[in-house]
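[1] Predicted model and sequence follow; I will ask about them next.
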Amino acid sequence: MSLTVVGLNHKTAPIEIREKLAFGSKETIKEALRQLIQKEDIAEAVILSTCNRVEIYVYSNVSSDKENRESKVEELIKEFISKFHKIEKDIFEKYLYVHKDRQAVEHLLKVTSSLDSMIVGEPQITGQVKESYEIALSERATSLILNHLMKRALFTAKRVRNETRISENPVSVSYAAVGLIKKVFDDLSKKSILLVGAGEMAELALKHLIGNGVKSIYITNRTFERAKELAKEFNGTAIPFENLKENLIKADIVLCSTAAPNYVITEKMLKEVMYLRKYKPIFLIDISVPRNIDPSCNNLDNVYLYNIDDLQAVVDSNIFERKKEAQKAMIIIKEETEKFFHWLNSLESVPVIVSIRNKAEQIRQQELEKFKSKFRDLSPEVLNSIDYLTQSIINKIMHYPTVALKNNCDSKEILIYSARRLFGLDNEEE
Amino acid sequence: MGTIFFELALTLYFAGFILSIVGIIRKKNDLDKAVFFLSLIGFLLHTIYLIIRYIKSGRAPVFSMHEANSYFAWSILLVSFLINFFYKVKVLNFGIILSFLIMFIGAFFPRGIPSLKGEIKSFWIDIHAVMAIFGIALFSVAFVFSSLYLIQEKAIKSKKFRGFENILPNLEILDKINYRLIFWGFPLYTVALVVGFIKYVSLVGFMFDPKEIWSFLTWSVYLSIYYLRVKEDWRKKKAAYLTILAFLLVIFGFFGINLLTESFHKPL
């Protein structure tokens, strides 16, 4: 038996290659899986295709010698990719990575736990792995081994999320901004926001804030028309630029990104504003370059001013934090990989046969003891015969299961797994 | 009989205390549930203890140093539970830390039930003591919230985060609860002082003991906090610093004055 993963990701391949090899839709993945599992050497398969990675996980149970078979499966997948996407193997081959057995398992666990992601700790990947598995499941492309592996991977991701702080702190600037605002204000739906100027990042941050419940939105711009446009788009109120100060008195959150070369909000101005608003807290975000809000405003009581560099610093420290957490996560992943192989090894035939025979022998001995204590006056000859008789019954019964388990066949693991369950071996171990 | 409930409550508080400290060091709040249940069971046993003592002595169980500490710790925990319930703010771990420490101090004082001199055994004295200590408990929790507010404020303002801030509530809610605590605590404390003063004058005549003077000093700091709040000045840092100062005065009044001076309030 062997596990193989062939794939590429954002670290190994440029976007041009990734998009060529991507399996765009659910239907494409289904079609690819159908073709894959028809191949003689491939027993089970799962395809993971996201915008950052394309990976094909395959379990093969060919009974030829291991070395040979593994490179065969690898070639098989590469050829399949080439054929399916109608692209020359030479073009993409150098971007691929191939992991086998233990490395393959560890890789999947890392991917699912978001340790291999572009942004370490981002939570989407776990969902994407789950979805890929469900597609494979619906196509009956997986069976005993990959089912167990995928479940273990999803379980590992859950453990990593719960036991480390890997996905706790936001690592994008606009999310970080929202996170900071939430440290100051309680119920964002009761807060008002003032957008000064516009820009891609300001709009993104505004969208996040709206997503977090902010309802009253005021927008101002040097060109009033633009303010009106944005107001329409975000369901807000447009305000003439001259009224900036009056609106600063009312706003709780200010997002500033204008193209002005100087400070639009000065310390003197904000000082007056703060007096007028009875020092009610105000959160200012300045994402314009050059800066539009005088940095010394942060010295005023109850003014919280963050500029783009401050936000970036928060993001950077969060990324650093996540990398530290990733080391803890690796310990969990090693543990879970170990557990998976422990399970996999239990599917070897010899130990199973030994266990079944031991169990049968144990039962025989117990029953013999009971029998002997019931009929105390039997002669040793009779007892010997009974001993012999029971032994031969067991041998006869055990013959076919033993032969079946010893034979190499395609679905050997399933057979062994079934045998373990039928003879109740795992209950005993636990 | 009875002190077993005290021991049990103390043990459970201790467990909650340890878990809270561990959670704070780890900067995670995954132990909060365990802390909650340990404190809750401890609190219920503690309540039984207070009732037993009340029945035995026929007066509020707040007169010996042991009793006062035990009731003080109980009140802090009750306030923490109420905040947890009404504001859904998970700061019980800070409540149990404070509660345990006070309870722990209380464990060192003799646990016998002292008998009060006839004239002190009165309904109004009971009311005075129960209300005063409950007011002090509200102030103590306000102290915790003020400290947390200042820590969180400083982190946001200085833009330096150490991870501890993640388990803290936001500034607005910290301040809101702080305000509520003073809002209820101040009138309660005021009434307790007035009742105490009237009773004192009727018993001893018009003269001052050190506790009274100290309490008046403390009361005037709370008055200024109250004034700041009512005035709607939003510079919360000032109020937070004052709350911390007032708490230090209160605590000194509770432990220091009682034990150091020869006064009417000398605990039994």
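    Received, thanks. If you're wondering where the values come from, they're calculated on a predicted model, not measured in any experiment. Numbers count the residues shown, from 1 in each chain, chains lettered A, B, ... in the order given.
[2] residue contacts, B:Ser39?
    With CB atoms under 8 Å, 6 or more residues apart in numbering or on different chains as the criterion, the residues that contact B:Ser39 are B:Leu12, B:Tyr13, B:Gly16, B:Leu77, B:Ser80, B:Phe81, B:Leu92, B:Gly95, B:Ile96, B:Ser99. Placement of C-beta: from N, CA and C, glycine included.
[3] Let me know the helix or strand that it is in.
    Mapping B:Ser39 onto the secondary structure by DSSP states H and E places it in helix B:32-57.
[4] The helix or strand following that helix relative to helix B:32-57, how many degrees between them?
    Using DSSP H and E, the helix or strand that follows helix B:32-57 in sequence is helix B:65-87. The directions of helix B:65-87 and helix B:32-57 differ by 140 degrees, with axes from the mean of the first three to the mean of the last three CA atoms, to 10 degrees as the criterion.
[5] Quick check: mean pLDDT of helix B:65-87?
    Average pLDDT, helix B:65-87: 91.
[6] In the stretch 1-150 of chain A, where is pLDDT below threshold?
    Under the criterion pLDDT under 70, the flagged ranges of the stretch 1-150 of chain A are A:1, A:62-70.
[7] Any idea which residue of it lies closest to chain B?
    A:Gly121 (14.4 Å; CB to the nearest CB).
[8] residues contacting that residue?
    Residues near A:Gly121 by CB under 8 Å, 6+ apart: A:Ser114, A:Ile166, A:Ser167, A:Glu168, A:Val171, A:Arg322, A:Glu325, A:Ala326.
[9] try A:Ser296
    With contacts defined as CB under 8 Å, 6+ apart, A:Ser296 is in contact with A:Glu267.
[10] Which positions in the stretch 1-150 of chain B make contact with chain A?
    If contacts are counted using CB under 8 Å from any CB of the partner chain, the residues of the stretch 1-150 of chain B sitting beside chain A are B:Lys27, B:Lys28, B:Asp30.
[11] in a helix, that's where the last one is, yeah?
    Pointing back at B:Asp30 there. No - looking at B:Asp30 with DSSP: H, G, I helix; E, B strand; the rest coil, it is coil, so not inside a helix.
[12] Just give me the neighbour total for it.
    Look at B:Asp30: counted by other CB atoms under 10 Å in any protein chain shown, it has 11 neighbours.
[13] What ranges does the stretch 201-350 of chain A have for its helices?
    For the stretch 201-350 of chain A, the helices identified by DSSP state H, counting those that start in this stretch occupy A:224-234, A:244-250, A:267-276, A:308-345, A:349-374, in order along the chain.
[14] so which of the ones you listed gets nearest A:Thr126?
    The minimum distance between A:Thr126 and these falls on helix A:308-345, with 12.5 Å, by CB to CB.
[15] what about that closest one, near chain B?
    Yes - shown here: helix A:308-345 in contact with chain B (CB under 8 Å from any CB) through A:Asp310, A:Ala313, A:Val314, A:Ser317, A:Glu321.
[16] A:Leu180 is in contact with the third one, correct?
    Yes - with the criterion set as CB atoms under 8 Å, A:Val314 and A:Leu180 qualify as a contacting pair; they are 7.0 Å apart.
[17] hey, what's in contact with both of those two?
    What both A:Val314 and A:Leu180 touch, as defined by CB under 8 Å, 6+ apart, is the set A:Tyr306.
[18] Please compute how far stretch B:186-199 lies from its chain's middle.
    From the chain centre to the centre of stretch B:186-199 is a distance of 17 Å (CA atoms, centre = their mean, to the nearest Å).
[19] then it to PDB, C-alphas only?
    Taking only C-alpha atoms (Å, rounded to 0.1, in the frame of the first residue of the first chain), the coordinates of stretch B:186-199 have been written out as PDB:
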ATOM      1  CA  PHE B 186     -22.100  55.000  46.100                       C
ATOM      2  CA  PRO B 187     -25.700  55.500  47.400                       C
ATOM      3  CA  LEU B 188     -25.500  52.200  49.200                       C
ATOM      4  CA  TYR B 189     -22.300  53.200  50.900                       C
ATOM      5  CA  THR B 190     -23.800  56.600  51.700                       C
ATOM      6  CA  VAL B 191     -26.900  55.200  53.300                       C
ATOM      7  CA  ALA B 192     -24.700  52.700  55.300                       C
ATOM      8  CA  LEU B 193     -22.600  55.600  56.600                       C
ATOM      9  CA  VAL B 194     -25.600  57.700  57.500                       C
ATOM     10  CA  VAL B 195     -27.300  54.800  59.300                       C
ATOM     11  CA  GLY B 196     -24.000  53.900  61.100                       C
ATOM     12  CA  PHE B 197     -23.400  57.500  62.100                       C
ATOM     13  CA  ILE B 198     -26.900  58.000  63.500                       C
ATOM     14  CA  LYS B 199     -26.700  54.800  65.500                       C
END
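[20] Quick check: buried residues in it?
    B:Phe186, B:Leu188, B:Tyr189, B:Thr190, B:Ala192, B:Leu193, B:Val195, B:Gly196, B:Phe197, B:Lys199 (16 or more other CB atoms under 10 Å in any protein chain shown).
[21] Near chain B, which residues of the stretch 151-300 of chain A are found?
    Counting by CB under 8 Å from any CB, the residues of the stretch 151-300 of chain A lying close to chain B are A:162, A:165, A:168-169, A:180, A:182-187, A:277-281, A:298.
[22] quick one, what contacts B:Glu172?
    A:Val184, A:Phe185, A:Asp186, A:Asp187, A:Pro281.
[23] So the residue nearest to the last one when sequence neighbours are not counted versus A:Thr266, what's the distance?
    To tie it back to what came earlier, the one meant is A:Pro281. Closest residue to A:Pro281 in three dimensions, ignoring its sequence neighbours and counting by CB to CB, 6 or more residues apart in numbering or on different chains: A:Asn302, at 4.5 Å. As for A:Asn302, its distance to A:Thr266 is 17 Å (criterion: CB to CB, to the nearest Å).
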